[in-house]
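> From the sequence below, what's the structure:
(chains A and B)
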There are 2 protein chains.
Amino acid sequence: MSGYITEEIPAEELTRQIEQARELGDSVRRLVTATVVTDVGEEELAEARAHIDAAAEILERSRIDSSFGLRFNSDGRLRNWGNAVEGIRNPLAPPVEFHAEADHVWAEFDLGPQYEGPPGLVHGGVIGLILDQVLGNAAVNAGSPGMTGTLTIRYRQGTALGPIRVEGRLDRTEGHKSFASGTISTADGLCAEAEGIFIMPRWARGLDASRQLGVGDA
Amino acid sequence: MSGYITEEIPAEELTRQIEQARELGDSVRRLVTATVVTDVGEEELAEARAHIDAAAEILERSRIDSSFGLRFNSDGRLRNWGNAVEGIRNPLAPPVEFHAEADHVWAEFDLGPQYEGPPGLVHGGVIGLILDQVLGNAAVNAGSPGMTGTLTIRYRQGTALGPIRVEGRLDRTEGHKSFASGTISTADGLCAEAEGIFIMPRWARGLDASRQLGVGDA
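Model prediction:
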C-alpha cells in the first residue's frame, strides 16, 4: 500500500526530529487559536499575514510527495504526524495522546475555540472525529485493528470547550470485525457516547497487525 | 444564551472585515498544509517558527473573550467564523461553502493532507465531522434547525484525499426532532452515508429559528 513507509532513521536523530515536529506543530496550533479569536486591527492583520506567508514559503521549499502517511522506523517507532487527531505536526490535531490500559484506552486534553460548533460548545462533528479515533485505537490496543465501518454517536448534552476526557474499549470481535465503544465527558458529566464497527481491510489480513493502522507512539 | 451576539457593523465595513477574515484564514490554511508535508531542514524549521511565533504575538495583542460564537449583524448577515467546518477565519475549516437548493444542501471542496487518517485517505472522523455539518445545515435549510442528537455514519469505501462532494437533505420531522440524511462521494463513487436526528434545544423553541444555529452566509 502506498503511504505505508519503512525508514531507517538512527534512534537519536529520530528523537530530535520528533522534538522539532512537536515544536513546529505547537507553534502553528497557537497561531490557529490566535487566528480564530483575534480582535486586532487592519494594520496588525496585514503585519501578521506577512509573517505567516513568509513561514509558508520557507516550509514549502521542500515537501514530501502527497500526504504524510504512516512511517515505520527500524527502531520500532511509528510516525503518524499527519493524523488529523493524533499527528504532532498536524495543527488540526489537538494532538490527542492516548494512554493504553489492559482493556481500554483513554486521553485527557483541552479543546480550544477552533473546535467550536454551537456558541461555546465543541462542534458535534469534532466529538465524532475524536470518538472515531478513540474507538479505532481501542480496537488496535486489543489487537484487532481495522478501518471504520459504522460509527454511531449519541449526544447526551453539549460539550463545553475546554478540558475533556475520552475513553474507548473493544467490546467483542466477529471474524474481521471489531466492535468498540467509548465516551466523551467533562466536569459536567457524560456528554456523548459512541459505538463503532471496525473492519480489517482485505489487503491487510495477511500482515502483522501491530504494523497496520497502529496507535502512534511518536 | 452567551455566544449569540447581535452587532451593528455598517454593511460596507462588514464586507471589508469578511474579506480580511478570509484572507487571514486562507494564509493560515496554506501554512497548516505546509506544516504537515514540509521536508525542510533544521535551520529552515527554526526560521519558519520565528515567523509563526511573531504572527501569533501580533494576533494575540487583542482578542475577543472566550470563543468566537455566532455573531448576527443588523444587516442580516451572520458571522460564524469560529465554526470548525464553515468558519472562514478558522484554519481547521476547509472552509466548506454550502449551497442551498429547495430540498437539499450540497458542497464541493478539496481535503488536503491535514485531513488524513489511514495513509492517503480522509480520516474517518473527518468524514463524520463534515457529514454532521451537512445534515445539520439540511435541517436548517428546511426550516427545522437543531443540535445533533444522534449521528450514524456508514463507510462504504475509503475516501481519497482531494476533491469531494457532500449532500444532505431533511427527510422528516417529529415535533422538535428533525431527521436528516446525506452522503460523501468522490470520483470513485459513494464513500460514506449518514443519518442524523437533530433536536431543537428547549431554550431555543420560543425564538426565531432563522436566527439559531443558522447556515452561515459570510
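> switch to C-alpha atoms for all contacts and neighbour counts from now on
OK.
> Name the surrounding residues that touch the helix or strand where residue A:198 lies.
Using DSSP states H and E, residue A:198 sits in strand A:189-199. Strand A:189-199 is contacted from outside by A:127, A:131-132, A:135-136, A:139, A:145-159, A:176-185, using C-alpha atoms under 8 Å, 6 or more residues apart in numbering or on different chains.
> Buried members of the residues you listed into ChimeraX, please.
The buried residues among the contacts of strand A:189-199 can be selected in ChimeraX (16 or more other C-alpha atoms under 10 Å in any protein chain shown) with this line:
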select /A:127,131,132,135,136,139,145,146,147,148,149,150,151,152,153,154,155,156,158,159,177,178,179,180,181,182,183,184,185
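> how far away is residue A:191 from residue B:169?
Going from residue A:191 to residue B:169 by C-alpha to C-alpha, to the nearest Å gives 26 Å.
> And the two? Which one has more around it.
residue B:169 (27 against 20; other C-alpha atoms under 10 Å in any protein chain shown).
> Please enumerate the helices of chain A.
A:11-37, A:42-59, A:124-141 (DSSP state H).
> ok, and does the last one reach over to chain B?
Going back to what we said before, that points to helix A:124-141. Yes - using C-alpha under 8 Å from any C-alpha of the partner chain, helix A:124-141 reaches chain B at A:124-126, A:128-133.
> what about that helix, average pLDDT?
Over the span of helix A:124-141, the pLDDT mean works out to 96.
> That one to strand A:189-199, inter-axis angle?
Between helix A:124-141 and strand A:189-199, the angle comes out at 60 degrees (axes from the mean of the first three to the mean of the last three C-alpha atoms, to 10 degrees).
> chain center to helix A:124-141: distance?
From the chain centre to the centre of helix A:124-141 is a distance of 9 Å (C-alpha atoms, centre = their mean, to the nearest Å).
> Tell me, how many residues neighbour residue A:187?
12.
> quick one: it and residue A:85, what's the gap?
From residue A:187 to residue A:85 the distance is 22 Å (C-alpha to C-alpha).
> and if you look at residue A:136?
12 Å.
> And residue A:185, by the same measure?
Remark: distance between residue A:185 and residue A:85 (C-alpha to C-alpha) = 17 Å.
> Next: residue A:160.
Applying C-alpha to C-alpha, the value for residue A:160 to residue A:85 is 19 Å.
> ok, now residue A:97?
For residue A:97, the distance to residue A:85 - C-alpha to C-alpha - is 9 Å.
> Between those two, which is the more surrounded one?
Taking neighbours as other C-alpha under 10 Å, residue A:97 and residue A:85 compare with residue A:85 leading, 30 against 18.
> pretty sure residue A:111 is in contact with residue A:96, am I right?
No - Residue A:111 is beyond contact range of residue A:96, at 10.0 Å (criterion: C-alpha atoms under 8 Å).
> Mind checking which residue lies nearest the centre of chain A?
residue A:85 (1.5 Å; C-alpha atoms, centre = their mean).
> Look up the closest residue to that residue, ignoring the ones flanking it.
Leaving out its chain neighbours, the residue that sits closest to residue A:85 by C-alpha to C-alpha, 6 or more residues apart in numbering or on different chains is residue A:93, at 4.3 Å.
> Equivalent analysis for residue A:91, please.
Closest to residue A:91 by C-alpha to C-alpha, 6+ apart is residue A:29, at 5.0 Å.
> that older thread, which ones are touching the residue nearest to the centre of chain A?
A:92-96, A:129-130, A:133.
> again, but for residue A:152
Residue A:152 neighbours (C-alpha under 8 Å, 6+ apart): A:194-196, B:150-153.
> Mind doing that once more with 7 Å?
A:194-196, B:151-153 (C-alpha atoms under 7 Å, 6 or more residues apart in numbering or on different chains).
> do the same with residue A:108
Contacts of residue A:108 by C-alpha under 7 Å, 6+ apart are A:164-166.
> Sketch out the low-pLDDT regions of chain A for me.
Counting by pLDDT under 70, chain A contains low-confidence ranges at A:1-2, A:203-204, A:206-218.
> And for it, the residue most distant from the center?
Largest centre distance within chain A, by C-alpha atoms, centre = their mean: residue A:43, 35.1 Å.
> Let me see the domain layout of chain A.
Domain assignment for chain A by automatic domain parsing gives A:1-94, A:96-218.
> Is stretch A:38-57 positioned near chain B?
Yes - applying C-alpha under 7 Å from any C-alpha of the partner chain, one finds stretch A:38-57 touching chain B at A:38-40, A:44, A:48-49, A:51-56.
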